[in-house]
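Colleague: Predicted model, plus sequence, below.
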Amino acid sequence: MVRIVRATLKELEQAVTALRDGELVAFPTETVYGLGANAQNPAAVRRIFELKERPADHPVIVHLDNPKYLHRWAREVPDNAQKLAARFWPGPLTMVLPRSENVHDVVTGGQDTVAIRVPSHPMAQQLLTAFGGGIAAPSANRFGRVSPTRAEHVREEFGDSVRVVLDGGEAQIGLESTIVSFEGEQVRLLRPGFVTYSQLKEVVGDVIIGAGAGAPRVPGAKQSHYAPLTPMSIVPVDEIDKRAETLSEGGRRVAVLAMRLPLKTYTSVTWINAGRRPDSYAHDLYSNLRALDKAGCEQILVQDVPSEEKWTAIRDRLARGAAVGGAAAESDPYTETGGYSVLP
């Protein structure tokens, strides 16, 4: 069970002061840890981009403590957006809406839309309420790399570069939020997450899947993203042992993320059994990839995961993490059933 920690008054005061001074603050959400700045301070938001080495055209998400403040950031809120907010906020859903005039280009990546979320983590809510404004916050890691789900992950990434790191324990979900945009009243699913396609459809009817022509750029949509430093590939379910054995011949070190224990012991293979439950697999995914990344191996092999809808967000993150070359082109490596190409 995930332990939820609340911030002390002293910690909150330090974090709020840092935000008002134009500094960066890392804080927990139910999805992953965010690297936050005052969303109305363009210079502070630019520091996020500089520290993360994030492309300037890659937008960030504005976090609010209450949906009632949505009108301050979005000039239009479609009926379906209001329905989704009523159903899923606070929670792991990000909505992309036409931005208000006061939203700066650095937040939106130069687009006419702004991504907004109301997180449910108690410490995120404490911080947002105490600060009294929007906090722009992508995940607290180097751009394109594995997202942090613990405060220690943030410190490993940035050291003393972040003035305040609020430790709220492990993130409850472990994967980034679902992202949707709107074309009139039509809802488009741009990034899968804990809130599933079926859940969205229950609220708003038909949902378009994937980015189409003219769809806004959103966080985490690069072909290569969520990637460990060690090269990673996806292996068919029944071939994981054979592949691990073959690649580890001659003493080569290989790391494996699987849904079961190995069939036998391999002397130079580091093996993590992540289990078969999608919620626990997702919760532990980034921590497991970080552990395997530190194991000193030449390659990470990931056993292919099921195609059921509950695994869609996991499949998306694994597909992007295994993409080669850090391509800048955006793509949709998932479908309605969460499919991707398994590497041969």
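Modeller: Arrived safely, thanks for sending.
Colleague: Give the burial count for the residue nearest to residue 53 when sequence neighbours are not counted, as a bare number.
Modeller: With CB to CB, 6 or more residues apart in numbering as the measure, residue 143 is the residue that lies nearest to residue 53, at 5.1 Å, once sequence neighbours are left out. Quick note: C-beta positions are derived from backbone N, CA and C, even for glycine. Counted by other CB atoms under 10 Å, the residues lying close to residue 143 total 16.
Colleague: Please identify which helix or strand holds residue 143.
Modeller: Assignment of secondary structure by DSSP states H and E places residue 143 within no helix or strand.
Colleague: these two touch, right, it and residue 57?
Modeller: No: contact between residue 143 and residue 57 fails when scored by CB atoms under 8 Å: they sit 11.9 Å apart.
Colleague: Chain neighbours aside, what residue packs nearest to residue 204?
Modeller: If you skip the residues right next to it in sequence, residue 204 has residue 80 as its closest partner in space, 4.5 Å away by CB to CB, 6+ apart.
Colleague: Is residue 16 in a helix, a strand, or coil?
Modeller: Three-state call for residue 16 (DSSP: H, G, I helix; E, B strand; the rest coil): helix.
Colleague: Now do the contacts for it.
Modeller: Shown here is residue 16, whose contacts under the criterion CB atoms under 8 Å, 6 or more residues apart in numbering are 127, 130, 131.
Colleague: so the last one sits right up against residue 19, yeah?
Modeller: Yes: with contact defined as CB under 8 Å, residue 131 and residue 19 form a contacting pair (5.5 Å).
Colleague: who's more crowded, the two?
Modeller: Neighbour totals were compared for residue 131 and residue 19, and residue 19 leads with 26 against 22 (other CB under 10 Å).
Colleague: secondary structure class for the more buried one?
Modeller: Assigned by three-state DSSP, the conformation of residue 19 is helix.
Colleague: do you know how far it is from residue 168?
Modeller: 16 Å (CB to CB, to the nearest Å).
Colleague: Spatially, what comes nearest to the residue nearest the centre of the chain if we skip its sequence neighbours?
Modeller: The geometric centre of the chain, computed from its C-alpha atoms, lies nearest to residue 176 (CA atoms, centre = their mean), at 2.7 Å. Closest residue to residue 176 apart from its sequence neighbours, by CB to CB, 6+ apart: residue 31 at 5.3 Å.
Colleague: need the contact list for the one you found.
Modeller: 92, 119, 171, 173, 174, 175, 176, 177, 193, 194.
Colleague: just those residues now: which is nearest residue 267?
Modeller: If you rank the contacts of residue 31 by distance to residue 267 using CB to CB, residue 174 comes first, at 30.8 Å.
Colleague: pretty sure the closest one contacts residue 29?
Modeller: No: with contact defined as CB under 8 Å, residue 174 does not reach residue 29; the gap is 10.9 Å.
Colleague: where exactly do the helices run in the stretch 151-300 of the chain?
Modeller: 151-158, 197-204, 240-247, 278-293 (DSSP state H, counting those that start in this stretch).
Colleague: Packing partners of the longest one?
Modeller: When you say that, I think you mean helix 278-293. helix 151-158, strand 254-258, strand 269-273, strand 299-303, helix 312-321 (3 or more CB pairs under 8 Å, 6 or more residues apart in numbering; DSSP states H and E).
Colleague: Secondary structure class of the residue nearest to residue 176, three-state.
Modeller: Classification of residue 31 using three-state DSSP returns coil.
Colleague: Report the separation between residue 161 and residue 11.
Modeller: Using CB to CB, one obtains 19 Å as the distance from residue 161 to residue 11.
Colleague: Hmm, I typed the wrong one, I wanted residue 222.
Modeller: Residue 222 sits 33 Å away from residue 11, going by CB to CB.
Colleague: swap in residue 271?
Modeller: Summarising the geometry, the distance separating residue 271 from residue 11, computed by CB to CB, is 38 Å.
Colleague: Going along the chain, name the strands of the stretch 51-200 of the chain.
Modeller: In order along the chain, the stretch 51-200 of the chain carries the following strands (DSSP state E, counting those that start in this stretch): 61-63, 93-98, 113-117, 135-136, 164-165, 178-183, 186-191.
Colleague: what lines up beside the fourth one in the sheet?
Modeller: Taking DSSP bridges as the criterion, strand 135-136 pairs within the sheet with strand 33-38 (antiparallel), strand 61-63 (antiparallel).
Colleague: Could you do the third one as well?
Modeller: Take DSSP bridges as the rule and strand 113-117 pairs in its sheet with strand 61-63 (parallel), strand 93-98 (antiparallel).
Colleague: now the angle from it to strand 186-191?
Modeller: Our comparison of strand 113-117 with strand 186-191, counting by axes from the mean of the first three to the mean of the last three CA atoms, to 10 degrees, yields an angle of 70 degrees.
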